[in-house]
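> Below: sequence and its predicted model.
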Amino acid sequence: MVEIRPLVYFMASIMLFLGKAPEATLQLLERLDLLSERLLSDLNIPVVQHTLPANAQVFDGFSKEQLGVIRTGMITVVNDGSDTLCLQPGDIIGLNRVFGLPHEEFRVDEGVEIDLMQRDEFMGFIASDPVRQHRFSNYLLTSMALYQSLLAHYQQQTQVATHTGFQHVANGEVMIKEGDYADTVYQLMSGSADVSVNGVTVGEVLSGEIFGAMAVFTGEKRNATVTARENCQLLAIPKQEFVTLIKAQPEIAMTLLDNMSRRIKALNEQVTNGERQIA
């Protein structure tokens, strides 16, 4: 029996990654996490491991009666040609499809492993225990409420269409190069990166942080190099669209200030430690 890890939703919509999500949305995400974990905590049905290479059609390896749980890698959800969500290990995929409902398009940017299970066996697992039935009903209702909350947030915050994109960066790959022209702002969705100047490491970028904005705002060239220290995923936002998003969602500016404050504090500590060593 292949172990299935708990479901953990990883909503990669630009409104959640840039700035802060509404409190109601965060509460729904937390509730969905808890329900998902409990729902699959004792999963005891057969699963088949399936591997998808980069650029594969997600459902090519699925029968119409199969749904899956992502084991490794990430899958981008595409709606009307725009990247809207990013699914990560633990997320269920194909639930709408097995019940004949409309479903989104998916894109695989790097290799993904999925555990496949039969719809009827999964539903039998749910139906065999009243507690699971209750959790599954709550899971579906919470998912619906979450998407309603996200839709309301989109409509309230902005009416502009952006051309953002998800990018996968391998360990050791340069994300931003010192001296280059700056026309894009990035948010690190997963992983971490080192910041260096003239080959000397001066800081780091952590998951969830926005970087590359300073040179975009000042019009100067990049003043540092950012290099992935593990496999990472980025959200890239062109300069003008980032400015538009800040106007529509001012809390993004607070996120930038928080990020800058942490980096300045870390740099000050680095300088202080260096002075102590010299002394």
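Now that the structure is in, tell me what you want to look at. Residues are numbered from 1 along each chain as shown.
> so how far is the strand or helix carrying Phe122 off the chain centroid?
Per DSSP states H and E: Phe122 is located in helix 119-127. Remark: helix 119-127 is offset 29 Å from the chain centroid, using CA atoms, centre = their mean, to the nearest Å.
> One more: stretch 55-63?
Remark: stretch 55-63 is offset 21 Å from the chain centroid, using CA atoms, centre = their mean.
> end-to-end on it?
By CA to CA, to the nearest Å, the extent of stretch 55-63 from end to end equals 19 Å.
> Same check on stretch 191-199?
Per CA to CA, the first residue of stretch 191-199 is 21 Å away from its last.
> What residues sit buried inside it?
191, 193, 195-196 (16 or more other CB atoms under 10 Å). C-beta: built from backbone N, CA, C; applies to glycine.
> Now do the same for the residue nearest to Leu206 when sequence neighbours are not counted: its pLDDT.
In this structure, Leu206 finds its nearest non-sequential neighbour in Ser192, 5.5 Å apart by CB to CB, 6 or more residues apart in numbering. Listed pLDDT for Ser192 reads 94.
> One more: Ala12?
Listed pLDDT for Ala12 reads 34.
> Use 473 as the first number from now on
With 473 as the first residue, the last one maps to Ala484.
> ok so, going back, can I get the buried residues of stretch 663-671 in JSON lines including secondary structure and distance to Gln560?
Converted to JSON lines, those look like this (DSSP: H, G, I helix; E, B strand; the rest coil; distance: CB to CB, whole Å):
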{"residue": "Gly663", "secondary structure": "coil", "distance to Gln560": "12"}
{"residue": "Ala665", "secondary structure": "strand", "distance to Gln560": "18"}
{"residue": "Val667", "secondary structure": "strand", "distance to Gln560": "25"}
{"residue": "Ser668", "secondary structure": "strand", "distance to Gln560": "28"}
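> ok, Thr697 touching Ser668?
Yes. In this structure, Thr697 is within contact of Ser668 by CB atoms under 8 Å, at 5.0 Å.
> Which neighbours do the two have in common?
By CB atoms under 8 Å, 6 or more residues apart in numbering, Thr697 and Ser668 have these common neighbours: Glu650.
> where does the stretch 473-622 of the chain have low pLDDT?
473-494, 551-557, 622 (pLDDT under 70).
> In it, what residue spans correspond to strands?
520-524, 538-544, 547-551, 554-559, 564-565, 577-579, 584-590 (DSSP state E, counting those that start in this stretch).
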